[in-house]
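*Asks:* need the 3D shape of this:
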Amino acid sequence: MSSPTLRPALACALAALALSIAAPAVADTVGKLRVRLHPYTAAAGEFPVAAQAQLQALAGVPLTLAAVTRTGALELALPTTVDEADAAAMVRRLRVSRSVLWAEAIPDASLTRKAAVEDPFGPSSGKRLLVRFKDGVTPDAATLARLSTRIGMTLNASRQIGNVWVLTTKTEQPTATLADFAQALQGDADVQYADPVRRAFPSAAPNDPFWASQWSLNGPTAGINIETAWQLQPSVGGLTVAVVDTGILPHPDLDGRVLPGYDFISDPDRARDGDARDPNPRDEGDWSDGECGNSASFFHGLFVAGLIGANTNNGIGIAGIANGVKILPVRTLGKCGGTFEDVLEGMLWASGVRIAGVPPNPNPAKVINLSLGGFGSCDQSIQEAIDDALAQGAVVVAAAGNETLDVENFTPASCSGVIAVGAHSITGGLAGYSNYGRRIDLTAPGGDLPRTGLMISLANTGTTVPEDPTYVLAEGTSFAAPMVSGAAALMLARDPMLTSGRILDVITGTTRYFPNGSQCNTPNLCGTGMLDAGAAVGSIIPGGTAPPNTYPVIEYYRADLDHYFITADPAEVAYVDTVLSGIFKRTGLYFYAYLNPAVAPPDAKSVCRFYASANVQINSHWYSANLDECISVLLNWPGIWTLETASAFWVPVPDAKGNCPANTLPVYRFFNNRRDANHRYTVDLSVRRAMQNRAWAAEGTGPNSVAFCSPI
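*Replies:* Sure, this is the predicted structure:
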């Protein structure tokens, strides 16, 4: 492999080196908050009395429902306007609650301020609209005829992506016209929302030889303090990070790190692999010979994946941020970029949501990296997809974009609930190309000229189709986002029960100050500061903080049998960790329970524990907090299942609808549908989706199949 080279055409325009800001941003007053409740707390658009009471207690003021967005977010009026600092404090308290997917302040000035901005990617056109119909409505012939009349052009239903339908026009239309069509469709009583399909583009102490060039990790001024993070959390232990991008290629610095992904590019011409969607996310190259400029292939997804997960201490190349990570490549960008139709689909699949015609994802991502963007504020369909991903337990990280403009004009970084990342340079200043504005949460190293200030990562020597693995230098907010994705992975490895809101709160609350003289010291321009992975990881207590009087119920995995096992008994934990360490390995997951009924809540129930031996071809344990279930197993399976204890631990239990009490989390139970009858118990929503996608049967109370509840 060759030494690093500088590619002239990367994820950003190298000529865009000077940031021009007309006037400093000024503080606004805030009269409303926008909050999206977790779907387990309330259905989209609903604001139950209990949820209102909880949010008011967190905010410290009365909250009145003022409006509901078309995607189900709540706009909550404050009793009086407050300054942005006070509003930010309220938002921080709200977003760390498990009942909240995301929360944000709505500055009063943003309700009226709207400057016209020209699309920096140039004119575009298309034939597709993303339409969310109201519950119970499908695009049948009568509905399509009525909608066609409304816009004056024939519409056809192409396919469904989750809750959204792709409708196509008869002929290509400018994107602005498609936006007008979408606005007109929203006037129909059966349409919840409609969006045009817009274009998306890439936002471009180990023994590894190029470690010395990785100022982004180890630089004293603007590096992310990664060595401190590694001392605290050396590995992420196989945690999955999805890279929704141009795909992936083999590279020796990624050996053992890449999971089977998927290619979601729906246009065979842009895919360059002879077909549309397929199970091979290989990057076929994105070179252009005039169709969208003239440029060589860059293999953007490989570069991003390397920043996150390149093998560390392997004696070659570079060091990735999250040692031991598993990269899930999701291909959505090809020749001339891509469309948000494909990005939406890829993001949902990455989080574990089932997509029609595509095999279920057995490895839902805990972190989804979106180093891409398109012109226009966040479309409703993209916002709902992000909400769905967050509801699966994923953290979504988005690059701010490289147009030297306000990020509110670019998707997905302007969407609610994402961690929006700007780029800073080796000196700690805002990179010359980086977008900026109120929606930036923080900055991370993205590179900037001179050459010594660029980013180094994995690449390929091919200028059109792929050839041989190599390394290159580049710059872009595309490469700042994976810095944050990697840091989030380290935090989740340290405490798997962290929510997206808690990660955002910690990662922005531990940033380093910008250097004196940096334009980023202007309020509302670059977020809270520069990423400090060491401080962020150091702020997380390993295994979390146990609720009073509880013990962690530790999960183990036995690979040769594909079996899971749990225990809360400290003596048994010590025995498994030592004597049986060659057989059972901790998964890093856990929940909490009581070992002493005297300190448990009065309504807590004991959990029975049964064992069926290898002599009956099972060799597995089973647990239940339902007394009737325990008695049924005891009576109906004598000689098969043996009661080891009637009280392995004590836990709260759900009501008849599967709802857990306040300050607890649902524990989901899954059965492997095999003769060996293994079960898995988890509070982790991404694990829950993974087991569903592996066709393990959900068992428990209510529509979500809750076995019992974990204190938090």
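
*Asks:* just checking, Leu492 touches Val395?
*Replies:* Yes. Here Leu492 reaches Val395: they are 7.4 Å apart, a contact under CB atoms under 8 Å. Every C-beta, even on glycine, is put in place using the N, C-alpha and C of the backbone.

*Asks:* overlap in contacts, those two.
*Replies:* 366-367, 503 (CB atoms under 8 Å, 6 or more residues apart in numbering).

*Asks:* picking that back up, tell me which of Leu492 and Val395 has more neighbours.
*Replies:* Val395 (30 against 27; other CB atoms under 10 Å).

*Asks:* next up, the contacts around that one.
*Replies:* 366-368, 419, 485, 488, 492, 500, 503 are the contacts of Val395 under CB under 8 Å, 6+ apart.

*Asks:* strands - which of the residues you listed land there?
*Replies:* Judged by DSSP state E, the subset of these located in strands is 367-368, 419.

*Asks:* out of the residues you listed, which is most surrounded?
*Replies:* Val367 leads the ones in strands among the contacts of Val395 on contacts (other CB under 10 Å) with 32 neighbours.

*Asks:* please state the offset of stretch 379-387 from the chain centre?
*Replies:* 13 Å (CA atoms, centre = their mean, to the nearest Å).

*Asks:* could you do stretch 134-154 as well?
*Replies:* Worked out by CA atoms, centre = their mean, stretch 134-154 lies 33 Å from the chain centre.

*Asks:* next: stretch 653-660.
*Replies:* 28 Å.

*Asks:* just the CA coordinates of it, formatted as CSV?
*Replies:* Below are the C-alpha coordinates for stretch 653-660, written out as CSV (Å, rounded to 0.1, in the frame of the first residue of the first chain):
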residue,chain,number,x,y,z
VAL,A,653,-44.1,-6.4,37.3
PRO,A,654,-46.1,-4.8,34.5
ASP,A,655,-49.8,-4.3,34.5
ALA,A,656,-52.2,-6.3,32.3
LYS,A,657,-51.3,-4.0,29.3
GLY,A,658,-47.6,-4.6,29.8
ASN,A,659,-46.9,-1.1,31.2
CYS,A,660,-44.2,-1.0,33.9
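
*Asks:* pLDDT on that stretch, on average?
*Replies:* Average pLDDT, stretch 653-660: 94.

*Asks:* same check on stretch 150-169?
*Replies:* Stretch 150-169 shows a mean pLDDT of 91.

*Asks:* coming back round to it: with the ones in strands among the contacts of Val395 in mind, which one is nearest to Gln160?
*Replies:* Nearest to Gln160 out of the ones in strands among the contacts of Val395 is Ile368 (CB to CB; 21.4 Å).

*Asks:* correct me if wrong: the closest one contacts Ala242.
*Replies:* Yes. Using CB under 8 Å, Ile368 is in contact with Ala242, at 4.6 Å.

*Asks:* which neighbours do those two share?
*Replies:* Contact criterion CB under 8 Å, 6+ apart; residues shared by Ile368 and Ala242: 347, 350-351, 394.

*Asks:* who wins on neighbours among these?
*Replies:* Within the shared contacts of Ile368 and Ala242, most neighbours by other CB under 10 Å means Ala350, with 32 neighbours.

*Asks:* how close does that residue get to Met483?
*Replies:* From Ala350 across to Met483, the span is 19 Å (CB to CB, to the nearest Å).

*Asks:* again, but for Asp28
*Replies:* 29 Å.

*Asks:* so for those two, which residue has more residues nearby?
*Replies:* Neighbour count, other CB under 10 Å: between Asp28 and Met483, Met483 has more, with 29 against 20.

*Asks:* quick one: the more buried one and Ala444 touch, right?
*Replies:* Yes. Met483 lies in contact with Ala444 (CB under 8 Å); the separation is 3.7 Å.

*Asks:* what do those two both touch?
*Replies:* 216, 224, 421, 531.

*Asks:* tell me which two in these are the farthest apart.
*Replies:* Ser216 and Val421 (12.6 Å).

*Asks:* so the two - more neighbours on which side?
*Replies:* Using other CB under 10 Å, the more surrounded residue of Ser216 and Val421 is Val421, with 35 against 28.

*Asks:* for the helix or strand harbouring that one, packing partners?
*Replies:* Assessed by DSSP states H and E, Val421 sits inside strand 419-424. Counting contacts by 3 or more CB pairs under 8 Å, 6 or more residues apart in numbering; DSSP states H and E, strand 419-424 is packed against strand 395-399, strand 442-445, helix 481-494, helix 500-509.

*Asks:* quick one: strands adjacent to the first one?
*Replies:* Strands flanking strand 395-399 in the sheet, each with its direction: strand 367-370 (parallel), strand 419-424 (parallel) (DSSP bridges).

*Asks:* quick check: mean pLDDT of that strand?
*Replies:* 98.

*Asks:* chain center to the host helix or strand of Ser686, what's the gap?
*Replies:* Taking DSSP H and E as the criterion, Ser686 maps to helix 685-693. Computed by CA atoms, centre = their mean, the chain-centroid distance of helix 685-693 equals 15 Å.

*Asks:* do a quick rundown of the helices in the stretch 101-250 of the chain.
*Replies:* With DSSP state H, counting those that start in this stretch, the ranges of helices along the stretch 101-250 of the chain come out as 141-151, 175-185, 215-218, 226-232.

*Asks:* flag every buried residue along the second one.
*Replies:* Judged by neighbour count (16 or more other CB atoms under 10 Å), helix 175-185 contains these buried residues: 175, 177-179, 181-182, 185.

*Asks:* how about the first one?
*Replies:* Taking 16+ other CB under 10 Å as the basis for neighbour counts, the residues of helix 141-151 that come out buried are 143-144, 147-148, 150-151.
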